[in-house]
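Chemist: 3D, please:
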Amino acid sequence: MPDSRPSTTIPEFDPHDPGLSPDRAYEVYGELRERCPVAHGERHGGYWAVSRYEDVRAVALDHGTYSSTGGVYVPAVSDSRFPPIDHDPPEHAGFRALIAPLTSGAAAKAMEPKIQATVDRLVDAFVDRGRAELVAELSTPVPLDVITQLYDLGPEQAADIRTYSEEFLEHAGGPRGREIIDRVCKYWISLFEARRTEPRDDFLTGLVQANQELGATDDELANMMFILTYAGHDSTALGLSNTLLYLAEHPDVQQRLVDEPKLVPSMIDEILRFETPLHWFPRQLTTDACLAGQQMKAGERVLLLFASANRDPEAFDRADEVVIDRRPNRHLAFGAGIHTCPGMALAKLEIKVAVETVLRRIPGFRVDGEVERTDPLEGGGRHLGVRRLPVTW
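Modeler: Numbers count the residues shown, from 1 in each chain. Next comes the predicted model:
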């Protein structure tokens, strides 16, 4: 007679599991939260996976115990560190100050007319066609265009940035990731040299001038520009694509937002919670610690499963449902603590402008064809979102 007892095997979260589709990822997260909220994994040098909201947020806020200096990838993709995300205080503050002109709420608000112009130009190209592929024609080019405008880069340089991002998304978990980073950093260093020779009224010129006080090396600045640019447009594209997919599948929600446009920001926050674009980030223990009854040792890695925390029923009522007017919504899609995503204000504004424009100019858009989700290994096993979204109206 077969054994009918439930399995006592604890599920393991492996960020490089080729079977970790979006649906499967959330199933694993649910099992971890219920059965082993701080679970140990053996691969990639070993790590602890933290899945409950309360624990994830506590770790994110405690940068003294849970350091970011071990890097943002597991396993490492570079011998260099990526400022400011790979730094703790006091170095962290200096790098955050360098990018403040690009990432503050005021800077985002000042960009709104340019964001609107970009979105209108892109929608103009397909609005009379009656159909579009919204990832390639809207979600990807919007944040890329915005960030290259901030840098005062031309169309050719914008294409270069997208090309290296696509390469890195595919190869971040493999040996080519390091080669791509090295090549891209040389590209940024050449731009620093150009701005020193011929200053402009742009972020890059301001960066190299402000760095005279901080004194970071060009290699450090280049690594910062790599992660800032790569994350700044790809994660926003994922967030926008996830939002547009949900709206394309829910015409009733589209209509409600048309009737109640003030709900658009809360709807965006809810989709970011429900379909978190970047699922996890690592930390490294600086001392022995105990979390949820698990003893952990100094030097061990800890993976913060932000996407799991955002579906925790202990933190969110109806956690596995989209509640577009959810308030409060203390999701962790942008992290928490000193390493909260510096581009949060700009990303949310880009998504808001794009969504409002789409609702106004192509009302009633719906899925028309095969939707393609991200590959489970994309971005080093961290990115889960939409890569192809054909619609008609």
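
Chemist: which residues does D234 contact?
Modeler: For D234, the contact set (C-beta atoms under 8 Å, 6 or more residues apart in numbering) comprises 143, 165, 169, 379, 383. For the C-beta atoms, the positions are set from N, CA and C on the backbone; glycine is no exception.

Chemist: Hmm, which of the residues you listed is lowest in pLDDT?
Modeler: Among these, G379 has the lowest pLDDT, at 66.

Chemist: in stretch 240-249, what counts as buried?
Modeler: 240-248 (16 or more other C-beta atoms under 10 Å).

Chemist: Just list the residues touching R330, thanks.
Modeler: Per C-beta under 8 Å, 6+ apart, neighbours of R330: A315.

Chemist: go again using 10 Å as the cut-off
Modeler: Listed by C-beta atoms under 10 Å, 6 or more residues apart in numbering, the contact partners of R330 are 53, 57, 269, 273, 310, 315-316, 336.

Chemist: can you check P113 too?
Modeler: P113 touches V353, counting by C-beta under 10 Å, 6+ apart.

Chemist: Give me the distance between the helix or strand hosting it and the centre of its chain.
Modeler: Secondary structure assigned from DSSP states H and E places P113 in helix 105-124. Distance of helix 105-124 from the chain centroid (C-alpha atoms, centre = their mean, to the nearest Å) equals 20 Å.

Chemist: Need the contacts of D234 in a markdown table (columns: distance to A76).
Modeler: Below are the contacts of D234 laid out as a markdown table (distance: C-beta to C-beta, whole Å):
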| residue | distance to A76 |
| --- | --- |
| P143 | 26 |
| S165 | 19 |
| L169 | 17 |
| G379 | 15 |
| H383 | 18 |
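
Chemist: Now these in a markdown table, please, with extra columns for neighbour count and distance to A108.
Modeler: A markdown table is the format used below for the contacts of D234 (neighbours: other C-beta atoms under 10 Å; distance: C-beta to C-beta, whole Å):
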| residue | neighbour count | distance to A108 |
| --- | --- | --- |
| P143 | 26 | 12 |
| S165 | 23 | 21 |
| L169 | 22 | 25 |
| G379 | 26 | 24 |
| H383 | 21 | 23 |
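
Chemist: which of those residues sit farthest apart?
Modeler: Spatially, the most separated pair among the contacts of D234 is P143 and G379, at 15.0 Å (C-beta to C-beta).

Chemist: just checking, what packs against the helix or strand where R162 lies?
Modeler: For R162, the element it lies in under DSSP H and E is helix 155-171. Here helix 155-171 touches helix 141-151, helix 176-197, helix 218-249, helix 378-381, going by 3 or more C-beta pairs under 10 Å, 6 or more residues apart in numbering; DSSP states H and E.

Chemist: do you know which of those lies nearest P282?
Modeler: helix 378-381 (10.5 Å).

Chemist: tell me which strands and helices the helix or strand following the closest one is in contact with?
Modeler: Per DSSP H and E, helix 378-381 leads on to strand 386-388 as the next helix or strand towards the C-terminus. Where contact means 3+ C-beta pairs under 10 Å, 6+ apart, strand 386-388 is packed against helix 218-249, strand 372-373.

Chemist: Quick one: mean pLDDT for the first one?
Modeler: Okay, so that is helix 218-249. Mean per-residue pLDDT for helix 218-249: 92.

Chemist: pretty sure S190 is touching L204, no?
Modeler: No. In this structure, S190 is not within contact of L204 by C-beta atoms under 10 Å, at 11.2 Å.

Chemist: Please produce TSV containing the buried residues of stretch 240-249, extended by distance to V355.
Modeler: Output for these, formatted as TSV (distance: C-beta to C-beta, whole Å):
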residue	distance to V355
L240	8
S241	11
N242	11
T243	6
L244	7
L245	12
Y246	10
L247	7
A248	11
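
Chemist: Out of the residues you listed, which comes closest to G19?
Modeler: Nearest to G19 among the buried residues of stretch 240-249 is N242, at 20.8 Å by C-beta to C-beta.

Chemist: residues in contact with the residue nearest to the closest one when sequence neighbours are not counted?
Modeler: Leaving aside its chain neighbours, N242 sits nearest to E275 (4.1 Å; criterion: C-beta to C-beta, 6 or more residues apart in numbering). By C-beta under 10 Å, 6+ apart, E275 lies in contact with 22, 26, 238-239, 241-243, 245-246, 307, 310-311, 322, 333, 384-386.
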